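Asker: output the structure for:
(one chain, ligands or ions: 1)
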Amino acid sequence: MKRKVLVVDDEENIRLLFKEELEEEGYEVDTASNGLEALEKVKTASFDVIVLDIKMPVMDGIQALNAIKNMNKDQPVILCSAYGEFKQDLSSWVSDGYVVKSADTRELKETIKEILGP
Ligand SMILES: [Mg+2]
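Answerer: Numbering: from 1, shown residues only. So this is what the prediction gives:
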């Protein structure tokens, strides 16, 4: 069975890029354009991993991360954000991984593989 990834980003080009690249890796990919939309999806479907942008309108990635982990602390979540967008120590957040957003999706794919296994 294909493993499911939810890609959450307010930029459509990023959603499309990640979706295409991760589908090529054999994942089933759904998308959401902000944290609130992501929460709605998480309530009705299960995902093996959620890739969360930090800066988004309506509900940002940190709020969404906290809400998701409150619902299910074992839900793997990867924070993905533009370089330099957040200068705080990202390890203080309860995410399972952190990836700098890039058109080169190798780091993202590797982080997903580390979490899900081969
Ligand atoms: Mg954004």
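Asker: ranges for the helices of the protein?
Answerer: Ranges of helices within the chain are 12-24, 35-44, 61-71, 106-116, based on DSSP state H.
Asker: run the chain-centre distance for the third one.
Answerer: Yep, that's helix 61-71 we're talking about. Computed by Cα atoms, centre = their mean, to the nearest Å, the chain-centroid distance of helix 61-71 equals 11 Å.
Asker: name the stretch among the helices of the chain that sits most buried.
Answerer: Comparing the helices of the chain by mean neighbour count (mean count of other Cβ atoms under 10 Å), helix 61-71 ranks first with a mean of 19. Heads up, the C-betas are built off the backbone N, CA and C, glycines and all.
Asker: burial measure for residue 96, as a count.
Answerer: When neighbours are counted by other Cβ atoms under 10 Å, residue 96 registers 17.
Asker: which pLDDT value does the model give it?
Answerer: If you check residue 96, the pLDDT there is 89.
Asker: hang on, the earlier thing: would a markdown table of the helices of the chain with distance to the ion and mean pLDDT be doable?
Answerer: As requested, those are exported to a markdown table (distance: least, Cβ to the ion, whole Å; pLDDT from 0 to 100):
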| stretch | distance to the ion | mean pLDDT |
| --- | --- | --- |
| helix 12-24 | 8 | 97 |
| helix 35-44 | 11 | 96 |
| helix 61-71 | 8 | 92 |
| helix 106-116 | 15 | 95 |
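Asker: next, format those helices as CSV and append distance to residue 78.
Answerer: Listed next are the helices of the chain as CSV, based on distance: least, Cβ to Cβ, whole Å:
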stretch, distance to residue 78
helix 12-24, 11
helix 35-44, 13
helix 61-71, 10
helix 106-116, 6
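Asker: can you tell me which residues contact the residue nearest to the spatial centre of the chain?
Answerer: The geometric centre of the chain, computed from its C-alpha atoms, lies nearest to residue 51 (Cα atoms, centre = their mean), at 0.8 Å. Residue 51 makes contacts with 5, 6, 7, 8, 9, 18, 77, 78, 80, 99, 108, 112, as judged by Cβ atoms under 8 Å, 6 or more residues apart in numbering.
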